[in-house]
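*Asks:* missing the sequence, but the structure's below:
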């Protein structure tokens, strides 16, 4: 039986669900507001009923170093961030960003503003409605040919039609 309120399931990473108490949820909310790694670690460690010494033994550092991290006076190394995250069942990426906010720019998703370079042969091919109708090119085939054209190896509509013919001649696997 746990003391401190009802347990709530909260997914912290994609691979596992983690159970948080009311105090842990509050600390997590506060961490998001203040971006404080120490508060999150302390709340999660206490929620798992671990002492600083026990956590330190599990991750291979001194208990005083855990105290310094929780107090906000030290930043853990990248290797230690991974060990702590795994030990406490937290998301590695989330802890990394809390410990080293400058790393957020490195792990952020690339912006989709960069347009794919469209090959001129592809542009001519998709604008030729007569050709598309004569060969009964389906939407699915167009998507496959478009992805192929992005490789930049197809130079003409004839080559795209030759590839389409090859695709159609491949026997279906049953």
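*Replies:* Arrived safely. None of the values given here were measured: they were computed from a predicted structure.

*Asks:* give the buried residues for stretch 145-158.
*Replies:* 145, 146, 148, 149, 154, 157 (16 or more other Cβ atoms under 10 Å). Glycine gets a C-beta too; all of them are placed from N, C-alpha and C.

*Asks:* point out the least confident one among those.
*Replies:* Looking at the buried residues of stretch 145-158 by pLDDT, the weakest one is residue 154, with 77.

*Asks:* in which helix or strand would I find it?
*Replies:* Assigning secondary structure by DSSP states H and E places residue 154 outside every helix and strand.

*Asks:* what of residue 46?
*Replies:* helix 37-47.

*Asks:* repeat that for residue 132.
*Replies:* Counting by DSSP H and E, the secondary-structure element that holds residue 132 is helix 129-134.

*Asks:* next secondary structure element downstream of that helix?
*Replies:* helix 139-149.

*Asks:* can you list contacts of that next one?
*Replies:* Under the contact criterion Cβ atoms under 8 Å, 6 or more residues apart in numbering, helix 139-149 has outside partners 118-119, 121-122, 125-126, 132, 137, 154, 160, 163-164, 167-168.

*Asks:* can you select the buried ones from those residues in PyMOL?
*Replies:* Per 16+ other Cβ under 10 Å, the buried members of the contacts of helix 139-149 correspond to this PyMOL selection:
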select buried, resi 119+121+122+125+126+137+154+160+163+164
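
*Asks:* restricted to strands, list the contacts of helix 139-149.
*Replies:* When DSSP state E is applied, the contacts of helix 139-149 are split such that none fall in strands.

*Asks:* got TSV for the contacts of helix 139-149, with distance to residue 107 too?
*Replies:* Supplementary listing: the contacts of helix 139-149 in TSV, determined by distance: Cβ to Cβ, whole Å:
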residue	distance to residue 107
118	29
119	32
121	37
122	33
125	38
126	36
132	42
137	40
154	35
160	38
163	37
164	40
167	37
168	42
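
*Asks:* helices or strands next to the helix holding residue 132 in the packing?
*Replies:* Counting contacts by 3 or more Cβ pairs under 8 Å, 6 or more residues apart in numbering; DSSP states H and E, the secondary-structure elements packed against helix 129-134 are helix 120-127.
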